[in-house]
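Novice: With the sequence up front, the predicted model follows.
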Amino acid sequence: MGAPFQLLAGWLFVLGIPVVSIWGPHFWTRLDGVRINTLWVVALSFLLVMLMLRRLSRFSGGSIIAHIAPVASSVFLLAFAGLFFTRSDYSRPVLLTAYVLCLLWCYAGYFIGRRYRRVKLAVLPMSPPCTLASAPNLEIRHLTQPDLQGVRYDAIVADLRSADMTPQWERFLAQCILAHIPVFHVRQVMEGITGRVTIDHLSENEVGTLLPSQLYTVCKRLIDVAAVLLVLPVALPLMAATAIAIRLDSPGPALFLQNRVGLGNRDFCIYKFRSMRVDAEAAGARLASDCDDRITRAGAFIRKTRLDELPQLWNVLKGDMSLIGPRPEQRVFVDQFDAEIPFYIYRHVVRPGITGWAQVMQGYASDADATRVKIQHDFYYIKHFSLWLDILIIFKTVRIVLTGWGAR
């Protein structure tokens, strides 16, 4: 079933059922302002939900179930807010019913697709062997000869940079392309599934692939400032309450100031609520760990709920940070990891963020090995630097704040 047909069928389901059941089968005979406003708002809202889910699935390994409710709820809430603030007349029963049906349509599409549709990938022999493994929504088959044996695959995976590929396999790839079967480089597929980009040698950094969009960089800065100004009325009372709780819980200032490394590998002063004892780094800087005895009682709570990050809104307004980006590290750790991990400082090509792709995908990195994986997530974010990926990170961040996952 093609995407246009799915969209049309979704419109008939989401819009047709509430319209006919509430307004009657001959609703078009009296299209007043209320009905016209409701019809186009619901139609556009459903279109936007489907578009966002389709875009976001590119960064979720094809699995989007955790984001269906947040995306649909956000879109319909914005639609309701737009109608409310513009004082436009509309039908609340139709809009609410359409929202519920939109959720049902998206969830049904996901579970039906998962039950009857598995992405099939054919993997060519390569050295070292490909580590791709089958998953609930992914079927991997390793070919031993240049023949699909009558099986219809969604794509072919090969090491397109291998100098050992035989003419038979090269001819096979050409035939697949002529048959309109996509052919992908193995690294590209691995990035899409894992959400990580590995760079071990300079030759693997294709020209321009890791350069963030300059246009979106400017737009992102404007979005950051506008978003901070919008949330300040809610954030300021929370910050005041947090500061009072910290002062009552342990001696010392409520704010914690520390130098971090940001855009262009330049140092800046980061602002956080203090979650550790005042003498936490008397013996030198070290990464936080599970059950860290330096963390205070109030500090454990604000770390779990991420309230300790709220003062960084000031860093965002100053331009030191963005709302979303790689987390900034202390200079001592930057120098250490730069000596151990190739291209580590490349993560400073974008502004650091209060939250980021590595935080929502991996959590806290407490050693060099975990930091290597974290850097791969950062490289993925830089390579796919876009509004859609930022939106996905926002949804994942909200889920993490509500569950407390990954806090140290």
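Specialist: Alright, I've got the coordinates. The structure displayed is predicted, hence computed values, not measured ones.
Novice: Can you get me a residue count around the residue lying closest to residue 251 once chain neighbours are set aside?
Specialist: Spatially, and ignoring its direct neighbours in sequence, residue 251 is nearest to residue 278 (6.8 Å; Cβ to Cβ, 6 or more residues apart in numbering). Yep, even glycine has a C-beta here, placed from its N, CA and C like the rest. Look at residue 278: counted by other Cβ atoms under 10 Å, it has 13 neighbours.
Novice: Enumerate every residue touching residue 278.
Specialist: For residue 278, the contact set (Cβ atoms under 8 Å, 6 or more residues apart in numbering) comprises 250-253.
Novice: And the pLDDT at residue 283?
Specialist: Residue 283 is assigned 60 on the pLDDT scale.
Novice: swap in residue 319?
Specialist: 94.
Novice: so it touches residue 222, yeah?
Specialist: No: using Cβ atoms under 8 Å, residue 319 is not in contact with residue 222; the gap is 11.7 Å.
Novice: Buried ones only from the contacts of residue 278, please, as a ChimeraX command.
Specialist: In ChimeraX syntax, the buried subset of the contacts of residue 278 is picked out as below (16 or more other Cβ atoms under 10 Å):
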select :252
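Novice: could you dump the contacts of residue 278 to JSON lines with secondary structure?
Specialist: JSON lines is the format used below for the contacts of residue 278 (DSSP: H, G, I helix; E, B strand; the rest coil):
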{"residue": "250", "secondary structure": "coil"}
{"residue": "251", "secondary structure": "coil"}
{"residue": "252", "secondary structure": "coil"}
{"residue": "253", "secondary structure": "coil"}
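Novice: and of the contacts of residue 278, the nearest to residue 35?
Specialist: Proximity of the contacts of residue 278 to residue 35 (Cβ to Cβ) peaks at residue 253, which lies at 59.0 Å.
Novice: List the contacts of residue 172.
Specialist: Contacts for residue 172 (Cβ under 8 Å, 6+ apart) come out as 146-147.
Novice: could you point out which element follows the helix or strand it falls within?
Specialist: Assigned by DSSP states H and E, residue 172 belongs to helix 167-178. Following helix 167-178 in sequence order, the next helix or strand is strand 183-185 (DSSP H and E).
Novice: Adjacent strands (with direction) for that next one?
Specialist: As defined by DSSP bridges, the strand partners of strand 183-185 come to strand 155-158 (parallel).
Novice: and the residue nearest to residue 251, that's in a helix?
Specialist: No: going by three-state DSSP, the assignment for residue 278 is coil, not a helix.
Novice: Neighbour count for residue 319 and residue 222, which is higher?
Specialist: Remark: of residue 319 and residue 222, residue 319 carries more neighbours, 14 against 9, as counted by other Cβ under 10 Å.
Novice: Against residue 348, how distant is that one?
Specialist: For residue 319, the distance to residue 348 (Cβ to Cβ, to the nearest Å) stands at 14 Å.
Novice: Same question for residue 72.
Specialist: 36 Å.
Novice: More neighbours: which of the two?
Specialist: residue 72 (24 against 21).
Novice: In stretch 246-263, which residues are buried?
Specialist: Along stretch 246-263, these residues count as buried under the neighbour rule (16+ other Cβ under 10 Å): 246, 249, 252, 254, 256, 260-263.
Novice: coming back round to it: export the contacts of residue 278 as a markdown table, with columns for distance to residue 48.
Specialist: Formatted as a markdown table, the contacts of residue 278 follow (distance: Cβ to Cβ, whole Å):
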| residue | distance to residue 48 |
| --- | --- |
| 250 | 47 |
| 251 | 51 |
| 252 | 48 |
| 253 | 45 |
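Novice: Please identify which of the contacts of residue 278 is nearest to residue 232.
Specialist: Residue 232 lies nearest to residue 253 out of the contacts of residue 278, by Cβ to Cβ, at 21.7 Å.
Novice: Not counting sequence-adjacent ones, nearest residue to the closest one?
Specialist: In this structure, residue 253 finds its nearest non-sequential neighbour in residue 274, 6.4 Å apart by Cβ to Cβ, 6+ apart.
Novice: What is the neighbour count of the one you found?
Specialist: 23.
Novice: Can you pull the phi/psi pair for it?
Specialist: Per-residue torsions, residue 274: phi -70, psi 120 (degrees, to the nearest 10).
Novice: got the contact list for it?
Specialist: Listed by Cβ under 8 Å, 6+ apart, the contact set of residue 274 reads 246, 252-256, 296, 299, 308.
Novice: List the buried residues in the lengthiest helix in the chain.
Specialist: Using DSSP state H to define each element, the chain has its longest helix at helix 214-249. For helix 214-249, the neighbour count (16+ other Cβ under 10 Å) marks 220, 223-224, 228, 239, 242-243, 245-246, 249 as buried.
Novice: Distance from the chain centre to that helix, please.
Specialist: 20 Å (Cα atoms, centre = their mean, to the nearest Å).
Novice: For that helix, which helices and strands make contact with it?
Specialist: Counting contacts by 3 or more Cβ pairs under 8 Å, 6 or more residues apart in numbering; DSSP states H and E, helix 214-249 is packed against strand 267-273, helix 297-305, helix 312-318, strand 322-324, helix 387-403.
Novice: what packs against the longest one?
Specialist: Helices and strands touching helix 387-403, as assessed by 3+ Cβ pairs under 8 Å, 6+ apart, comprise helix 33-56, helix 65-85, helix 214-249, strand 322-324, strand 353-355, helix 357-361.
Novice: Mind checking these for the one nearest to residue 378?
Specialist: Between residue 378 and those, the tightest spacing by Cβ to Cβ is seen for helix 357-361, at 5.5 Å.
Novice: Let's see the following helix or strand past the closest one as CSV, backbone CA atoms only.
Specialist: Next helix or strand after helix 357-361 toward the C-terminus (DSSP H and E): helix 368-383. As requested, the backbone C-alpha atoms of helix 368-383 are provided in CSV (Å, rounded to 0.1, in the frame of the first residue of the first chain):
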residue,chain,number,x,y,z
ALA,A,368,36.7,6.2,28.4
ASP,A,369,34.9,3.3,26.7
ALA,A,370,31.5,4.7,27.4
THR,A,371,32.7,8.1,26.2
ARG,A,372,33.8,6.5,22.9
VAL,A,373,30.2,5.4,22.3
LYS,A,374,29.0,8.8,23.4
ILE,A,375,31.2,10.5,20.8
GLN,A,376,29.8,8.3,18.1
HIS,A,377,26.3,9.5,19.1
ASP,A,378,27.6,13.1,19.0
PHE,A,379,29.0,12.6,15.5
TYR,A,380,25.6,11.1,14.4
TYR,A,381,23.9,14.3,15.7
ILE,A,382,26.3,16.5,13.9
LYS,A,383,26.0,14.6,10.7
